[in-house]
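K.L.:
With the input below, show me the fold.
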Amino acid sequence: MKHYQRWLVLILVLVAFAIWIDLPNNPGIHIGNYHREISTHLGLDLVGGVQALLEADLPEDQAVEAEAMNTAQSIIEDRVNGLGVSEAVVQVAGNRRILVELPGEEDPEKAIATVKEIALLEFVDLGNTSAQDVYSLPPIIKTDFAGEGQNASETVEGEEGETVYHTVMTGAELKQVGVTTDPAGDYMVAFELTKEGGQIFADYTASHVGGILAIVMDKEIISTPRINEPIPDGRGSISGNFTAESANNLAVQLRYGSLPIPLRVVQTQTIGPTLGQDSLDKSLVAGVIGMSVVLLFMAIYYRLPGIVADLALIVYTILTFAIYRWIPVTLTLPGIAGFVLSIGVAVDANVLIFERMKEELRSGHGIVQAIDLGWKRAWPSIRDSNLATLITCTILFWFGSTFGASVVKGFAVTLALGVMVSLLTAVTATRMFLHAILDNIKAIERPTWFGI
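P.N.:
Okay, the predicted model is just below:
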């Protein structure tokens, strides 16, 4: 088997797998404990949903560290997805704000409530308050904010005056949280702390056995576990009358509630799906028209090699869309524009190769030599032009990530992926198809087949 035949077999296998991924009703992959759903994810501008803008709830003159904002962004993204809001887009916008987009969310009030639940998680010492009296306490009122590694005070106004409650640590000290069961089969929430948090917890639990350490989210008590014994190694569990659902809910709140800074919702916007569907339909029509024109041009101008390039372009489209579904990439209108533009980029490499190949044929070289020399001499131009495009995409992606410009970011991602796939199809697939079809043809005797 010739070397190009081996490559051809590999390409056909990839195409077959990509076609399976592109199936509208793809069942996904479910093998043992491995489960992966495969579907097309559309952005907020196409399917509608809710957009919310969060801002650091700190004095205007107090600087907010970039690391704290990035950590908050990551935690919010995990939290909204963990609570069932799929394919949320969460981006830092400027120095103090975070943009949250929830595509496909049909209940705006529920979505906004979910965002508002994202708050600072704290572990507050309630001393010897009895379990039955805990939930009769009024909401905990914050008097000052403590960042990571600091302590804060909480106050509750009771009948006998103001009582100060000590914040032992914040949720930032949580390393891992999960649901497990004890030997009797009862559900528990197991947790592991960071090294610093483990030391704080060890010192605290050693001197507060029998006391209540309340878990407080956004000034509200969500759980009141009692300390039964010292916990010296930073690993512990919260037990009680948990069901699977209630244990998981508490684990989610613990896992994704450890924001390093407090946030507030400053703006919300609901986007209807009607406009998005209209835009999607027009984008699909534009894509089909653009693709058809490119295919027609290549077939008319480059004749037989152009038809081969059309085949490679169809392969490119199948592979690229499969990658979008596999990653998955959330497609927005700018993202679709990047995909359509990348079709032209994919053809550009073929144009360079074919023009060089025609020059070799005019010089009297055989078809095999013409294909190889055409590719070899066109490669530096293809490499440099695609590298320049990838550098531009990197800059656009960085700009979008830094300044919250999700429109630019989506365009950069789809265009960059398209460019990389086009290198495979134009440089490898087209070349292999040409060899498979034209190796036994005396091209010089049929110049019209090649537009010369």
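K.L.:
from here on, contacts and neighbour counts on C-alpha atoms
P.N.:
Will do.
K.L.:
longest helix in this structure, by residue count?
P.N.:
The longest helix of the chain (DSSP state H) is helix 273-326.
K.L.:
domains for this protein, by residue range?
P.N.:
As assigned by automatic domain parsing, the chain contains the domains 3-36+274-450, 49-118, 121-239.
K.L.:
Show me where the stretch 151-300 of the chain dips below the pLDDT cut-off.
P.N.:
Screening the stretch 151-300 of the chain residue by residue with the criterion pLDDT under 70, one finds the ranges 151-163, 218-219, 256-259, 273-276.
K.L.:
wait, is V179 part of a helix?
P.N.:
No. Counting by DSSP: H, G, I helix; E, B strand; the rest coil, V179 is located in no helix; its state is strand.
K.L.:
Tell me which helix or strand the closest residue to it other than its chain neighbours sits in.
P.N.:
Take V179 and drop its neighbours on the chain: the residue closest to it by CA to CA, 6 or more residues apart in numbering is V189, 4.7 Å away. Counting by DSSP states H and E, the element that carries V189 is strand 187-193.
K.L.:
Residues in contact with that strand: which ones?
P.N.:
Contacts to strand 187-193, defined as CA atoms under 8 Å, 6 or more residues apart in numbering, come from residues 173-182, 198, 234-244, 247-248, 250-251.
K.L.:
Counting only helices, which of the residues you listed make the cut?
P.N.:
The helices, defined by DSSP H, take in G198, A244, A247, N248, L250, A251 from these.
K.L.:
separation between the residue nearest to T170 when sequence neighbours are not counted and T224?
P.N.:
For T170, ignoring the flanking residues on the chain, the nearest one in space by CA to CA, 6+ apart is E122 at 4.3 Å. As defined by CA to CA, to the nearest Å, E122 lies at a distance of 12 Å from T224.
K.L.:
residues shared between the contacts of these two?
P.N.:
Both E122 and T224 are in contact with I215, where contact means CA under 8 Å, 6+ apart.
K.L.:
higher neighbour count, those two?
P.N.:
E122 (28 against 20; other CA atoms under 10 Å).
K.L.:
isn't that one right up against I215?
P.N.:
Yes. If you go by CA atoms under 8 Å, E122 and I215 touch, sitting 6.0 Å apart.
K.L.:
on that earlier part again, what helices and strands are in contact with the helix or strand following the longest helix of the chain?
P.N.:
On the C-terminal side of helix 273-326, the nearest following helix or strand under DSSP H and E is strand 330-331. Packing contacts for strand 330-331, counted by 3 or more CA pairs under 8 Å, 6 or more residues apart in numbering; DSSP states H and E, involve strand 41-42.
K.L.:
Please state the offset of the strand it packs on from the chain centre?
P.N.:
The offset between the C-alpha centroid of strand 41-42 and the centroid of the whole chain comes to 11 Å, using CA atoms, centre = their mean, to the nearest Å.
K.L.:
So for the helix or strand following that strand, what gets flagged as buried?
P.N.:
Once the chain leaves strand 41-42, the next helix or strand it forms, by DSSP H and E, is helix 44-47. The neighbour-count criterion (16 or more other CA atoms under 10 Å) identifies L44, D45, L46, V47 as the buried residues of helix 44-47.
K.L.:
just checking, what packs against the helix or strand that I221 is a member of?
P.N.:
Secondary-structure element containing I221, defined by DSSP H and E: strand 220-223. If contacts are counted by 3+ CA pairs under 8 Å, 6+ apart, strand 220-223 sits against strand 213-217.
K.L.:
Can you say which of the contacts of strand 187-193 are buried?
P.N.:
Neighbour counting with 16+ other CA under 10 Å marks 173-175, 177-180, 198, 234-239, 247-248, 250-251 as buried within the contacts of strand 187-193.
K.L.:
Let me know the pLDDT of the closest residue to S279 other than its chain neighbours.
P.N.:
Using CA to CA, 6+ apart and skipping residues adjacent in sequence, the residue nearest S279 is L46, 6.8 Å away. At L46, the pLDDT value in this model is 78.
K.L.:
Would you mind confirming that L46 is in contact with K282?
P.N.:
No. L46 sits out of contact with K282 when judged by CA under 8 Å, with a separation of 11.1 Å.
K.L.:
what sits in contact with each of these two?
P.N.:
Taking CA under 8 Å, 6+ apart as the contact criterion, L46 and K282 have no common neighbours.
K.L.:
gap between V164 and L126?
P.N.:
Computed with CA to CA, the distance linking V164 and L126 is 9 Å.
K.L.:
mind listing what W398 touches?
P.N.:
Contacts here follow CA under 8 Å, 6+ apart; on that basis W398 touches K409.
K.L.:
Please identify the helix or strand for it.
P.N.:
For W398, the enclosing helix or strand under DSSP H and E is helix 367-403.
K.L.:
got the contact list for the helix or strand just after that helix?
P.N.:
Going down the chain from helix 367-403, the next helix or strand is helix 406-423, by DSSP H and E. Outside helix 406-423, the residues within contact range by CA under 8 Å, 6+ apart are 91, 316, 319-320, 329-332, 334-339, 341-343, 345-346, 349, 386, 389-390, 393-394, 396-401.
K.L.:
Determine the angle, from 0 to 180 degrees, between helix 406-423 and helix 273-326.
P.N.:
Here helix 406-423 runs at 40 degrees with respect to helix 273-326, directions being taken by axes from the mean of the first three to the mean of the last three CA atoms, to 10 degrees.
K.L.:
Put the alpha carbons of helix 406-423 into CSV.
P.N.:
Extracted as CSV, the C-alpha positions of helix 406-423 are listed here (Å, rounded to 0.1, in the frame of the first residue of the first chain):
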residue,chain,number,x,y,z
SER,A,406,-17.5,37.6,24.2
VAL,A,407,-18.5,38.6,20.6
VAL,A,408,-14.8,38.9,19.6
LYS,A,409,-13.9,35.8,21.6
GLY,A,410,-16.4,33.5,19.8
PHE,A,411,-15.3,34.8,16.4
ALA,A,412,-11.6,34.1,17.3
VAL,A,413,-12.2,30.6,18.5
THR,A,414,-14.2,29.4,15.5
LEU,A,415,-11.8,31.0,13.0
ALA,A,416,-8.7,29.6,14.7
LEU,A,417,-10.2,26.0,14.8
GLY,A,418,-11.2,26.4,11.2
VAL,A,419,-7.7,27.5,10.1
MET,A,420,-6.1,24.5,11.9
VAL,A,421,-8.6,22.0,10.3
SER,A,422,-8.0,23.7,6.9
LEU,A,423,-4.3,22.9,7.1
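K.L.:
No more questions from me, cheers.
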